[in-house]
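S.K.: give the three-dimensional model of this entry:
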Amino acid sequence: MNNFYYSKSENAFFSLALKEQYISAGSWPADAVPVDESVYEAFALTVPPADKIRVPGNDGFPAWGNIPAPTADDIALANERIKLQLRSVADSEIEWRQDAADTGMATERESADLTKWKKYRVMLMRVDITAPVWPVLPAS
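M.R.: Residues are numbered from 1 along each chain as shown. Below you'll find the model as predicted:
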């Protein structure tokens, strides 16, 4: 008896024990096919080989496929995250130096560094995330 089913359209396994709940919820896939326990273990409980992900095979069963290259949107999103992290660093470095300047307590070095960090932040905000050229962090 097969305890698991595989759906090519969902690229997912479904438990036979929960089939009635899936059906009641309207989420049992029409293309679910029974699979041996060994298939379930190999593709659901095992770490994929390096640079591979589970994909639906041409035969309707799971297979290992190459991890697709990131899309332009994926790259832009990753670059946006980097930009936000760098912005957070710049904001933090500027904030305390600006406090020192505002209260008349800044040393000459702190004032000079404040200017460097502000210029860095401006350059950072102008970075095109689709083709980034990252500005160099100011030296501390």
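
S.K.: mind checking which helix or strand the closest residue to residue 130 other than its chain neighbours is in?
M.R.: Spatially, and ignoring its direct neighbours in sequence, residue 130 is nearest to residue 76 (5.4 Å; Cβ to Cβ, 6 or more residues apart in numbering). Glycine gets a C-beta too; all of them are placed from N, C-alpha and C. Residue 76 is part of helix 72-102, with elements assigned from DSSP states H and E.

S.K.: what residues sit buried inside that helix?
M.R.: Going by neighbour count (16 or more other Cβ atoms under 10 Å), the buried part of helix 72-102 is 76, 79, 83, 86, 90, 93, 94, 97, 98, 100, 101.

S.K.: my guess is residue 9 contacts residue 28. True?
M.R.: No. The pair residue 9 and residue 28 does not pass the contact test of Cβ atoms under 8 Å, sitting 11.6 Å apart.

S.K.: for the residue nearest to residue 137 when sequence neighbours are not counted, give me its contacts.
M.R.: Distances taken as Cβ to Cβ, 6+ apart place residue 120 nearest to residue 137, at 6.7 Å, with adjacent residues excluded. Listed by Cβ atoms under 8 Å, 6 or more residues apart in numbering, the contact set of residue 120 reads 90, 135, 136, 137, 138.
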